[in-house]
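Chemist: Give me the fold of what follows.
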Amino acid sequence: MKRYIPWRTFFLLMLLALSVQSCLGFGSNSNGQNFKSVNTGKGQIQVNTGDNALFKGKIYFTQNRTLLAIDGSRNVKVLTPSKYDVRNPAVSPNGKWISFVVRYKYSSDLVYMPVNGTQWTILRTGTGQYVPNPPYPAPLSTHKWYAEPYWSADSTHLLFLSDFEKLTVNPGVDAQLLDMQVFSIAINNPNQAQDVAYAAFGDGGDSDPSYRPGAGHANQVVFTRFQYDSTQTLQMIQIYIVDANYIATHPNAGYHPGISLYDPSVALTPASTSIANMQPAFSPDGNNLAYVRRIDASHMGIYVMPVANNITSDPGNAAVQKTALAPYAKSSLIISGQFVSQPIWSPDGKQIAYLYYANNEFNIWLANVSVNAKTGAYMMQGSPVPLTSGGIDADSRPFWTN
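Modeler: As a prediction, the model looks like this:
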C-alpha cells in the first residue's frame, strides 16, 4: 500500500489556496534592509544583512531539500550534499550533534552527524518493500516513514514521528496504523524504540513533538494531534502534552485499533472543529508556548500562552485536565496574517522566528518580543523583518540554537 499522510496533504492544499495578506506591523521589505545572495548548490537564497535583522546563535533550515545554517553574522553554510532530500534539522543541547531526516520516494531515514561534520549515521532506516498481505486486497508496505526528530535535554535520546508500528503491533491492520505517532530512542541503542504518544487513528496522526525545557519539566513532551470529532466527519487539531515515560511504565496506557485503553495525553488547547491549534514551540525556560492558531481559511496567528505545571503525572484527573486548559485563555497574539507558521524561539527568549508566505514563497522572519512583568503576557516589539528572501522549505521546521 502506498503511504499517504492526510494532514500534510490537507495542509499543502490549504497553502495553495492562500493569497498574500499583510501581517500585523509589517513594513516595507526595502526599509533599512540589505540582502546578499548566496549560492546553496541547489539555487540561490538572499539573506538580510541589515541591522534590523540581527540575531544571536544559528538557525538551521532547508532550502530545496538541502540543509543550511545561518549565523548571527548572516553567513550561510551548506551542510548536506544537494543530491539528498533532507528535512527537519534538530541540534542536540550539548551542541555536538545534528539530527535530521533523509527522505526517499517511499521511505525516510532518521540520521545524525557531528555539527561540524559531513558524514551521518543512520539511526533507523525506512527502506522496505511491498509484500503480499492476504486476505487484504492491497500488499503490505514494509517501507517506513521517520520525521521531525528532537533531542532530549541530556542529548542522549531523540523524539521522532513514525508509522513503523504498522509492522510490529498487528500487520493485518496496516491501513489503520499508517498515522504518525511519537516515539523516542537512545542514540546508543536505536533499535529499541519507546512509545511516547499514540495517534488518534484515521486523520493523520501526530506532529511537532518536542521536549519541554527548564527545571521541573523533565520528560514532558508537547505535540500536535490531528483527529476527527465524535461524528468522524469534522477535523480537530489540538496541542497536547504527555509524560514521555508514562506509556512505558503504564502498560494499559495508549490506544490501538480495536483496543480501548487509556490515553495519558493532556490537552493544552480546547477541542474545536472551527479553530485549529498546532506547531507548539516552548520558550527556553519551558514556561510559555508559542503556537499557531488557524482561525479560518484567511486568518492565522502566532500566539504565546503560559503552560501549567504538574499536569502529566495524573492525566486522567478531571481537575488536572481543567488546570492544563486554563492558560489557553491567556494567549497573547504576537503575529497575525493569512499564513504564518513554524514559530521557534531564540535561545535567550527575546526573539521568535517564523515562516511567512508572500510573493509565492515562504521565508524566515524575525520578531522581537518582550513580556509584561505584571501580567506575564508576551508582545511584539517594533515590526518584524524578513531574514531570508528567495524561498525556503515550509514543510521542514527550522531549528534555533546557540
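
Chemist: Quick check: buried residues in stretch 158-168?
Modeler: 158, 159, 160, 161, 162, 163, 164, 165, 166, 167 (16 or more other C-beta atoms under 10 Å). In this view, the C-beta of every residue, glycine as well, is placed from N, C-alpha and C.

Chemist: same question but for stretch 52-69, I mixed them up
Modeler: Using 16+ other C-beta under 10 Å as the test for burial, stretch 52-69 gives 52-55, 58-69.

Chemist: Please work out the average pLDDT along that stretch.
Modeler: Mean pLDDT, stretch 52-69: 97.

Chemist: The most far-flung residue of the chain relative to its centre: what secondary structure?
Modeler: Within the chain, residue 135 marks the point farthest from the mean C-alpha position, 37.0 Å out by C-alpha atoms, centre = their mean. The assignment at residue 135 comes out as coil when based on DSSP: H, G, I helix; E, B strand; the rest coil.

Chemist: Just the CA trace of the helix or strand hosting residue 236, in CSV.
Modeler: Per DSSP states H and E: residue 236 is located in strand 235-243. In CSV, the C-alpha atoms belonging to strand 235-243 read as follows (Å, rounded to 0.1, in the frame of the first residue of the first chain):
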residue,chain,number,x,y,z
GLN,A,235,-11.4,17.6,12.0
MET,A,236,-10.0,18.7,15.3
ILE,A,237,-6.4,19.9,15.6
GLN,A,238,-5.1,20.3,19.2
ILE,A,239,-1.9,20.7,21.2
TYR,A,240,-1.3,18.0,23.8
ILE,A,241,1.3,17.3,26.5
VAL,A,242,2.4,13.9,27.8
ASP,A,243,5.0,12.4,30.1
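
Chemist: That strand pairs with which strands, parallel or anti?
Modeler: As defined by DSSP bridges, the strand partners of strand 235-243 come to strand 220-228 (antiparallel), strand 266-267 (antiparallel).

Chemist: Need the winner for burial among those.
Modeler: strand 220-228 (a mean of 23; mean count of other C-beta atoms under 10 Å).

Chemist: which residues make contact with that strand from outside it?
Modeler: 6-7, 159, 182, 196-197, 199-200, 202-212, 234-244, 265, 268, 277-280, 282, 286, 289, 312 (C-beta atoms under 8 Å, 6 or more residues apart in numbering).

Chemist: repeat for stretch 275-287
Modeler: Stretch 275-287 is contacted by residues 207-208, 210-214, 217, 220, 222-224, 235-239, 268-269, 288-295, 304, 306-307, 341-349, 397 when judged by C-beta under 8 Å, 6+ apart.

Chemist: average pLDDT for that stretch?
Modeler: The average pLDDT for stretch 275-287 rounds to 97.

Chemist: picking up where we left off before, distance to residue 113 and mean pLDDT added to the strands paired with strand 235-243, as CSV?
Modeler: Shown next, in CSV, are the strands paired with strand 235-243 (distance: least, C-beta to C-beta, whole Å; pLDDT from 0 to 100):
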stretch, distance to residue 113, mean pLDDT
strand 220-228, 24, 96
strand 266-267, 35, 97
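
Chemist: hang on, the earlier thing: spit out the contact partners of the residue farthest from the centre of the chain.
Modeler: If a contact means C-beta under 8 Å, 6+ apart, then residue 135 has no contacts.

Chemist: sec struct for residue 326, please.
Modeler: The three-state assignment at residue 326 reads helix, by three-state DSSP.

Chemist: contacting residues for the closest residue to it other than its chain neighbours?
Modeler: Spatial nearest neighbour of residue 326, chain neighbours left out: residue 308 (6.8 Å); criterion: C-beta to C-beta, 6 or more residues apart in numbering. With contact set as C-beta under 8 Å, 6+ apart, residue 308 has these partners: 323, 324, 326, 327.

Chemist: and residue 290, that's in a strand?
Modeler: Yes: under three-state DSSP, residue 290 sits within a strand.

Chemist: Quickly note the distance from it to residue 316.
Modeler: Separation of residue 290 from residue 316 (C-beta to C-beta, to the nearest Å): 28 Å.

Chemist: Compare those two (neighbour count), which wins?
Modeler: Just comparing residue 290 and residue 316: by other C-beta atoms under 10 Å the higher neighbour count belongs to residue 290, 25 against 11.

Chemist: hang on, that one packs against residue 349?
Modeler: No: contact criterion C-beta atoms under 8 Å: residue 290 and residue 349 do not qualify, at 10.3 Å.

Chemist: Beyond the longest strand belonging to the chain, next helix or strand please.
Modeler: Longest strand in the chain by number of residues (criterion: DSSP state E): strand 361-371. Counting by DSSP H and E, the element after strand 361-371 in chain order, helix or strand, is strand 378-386.
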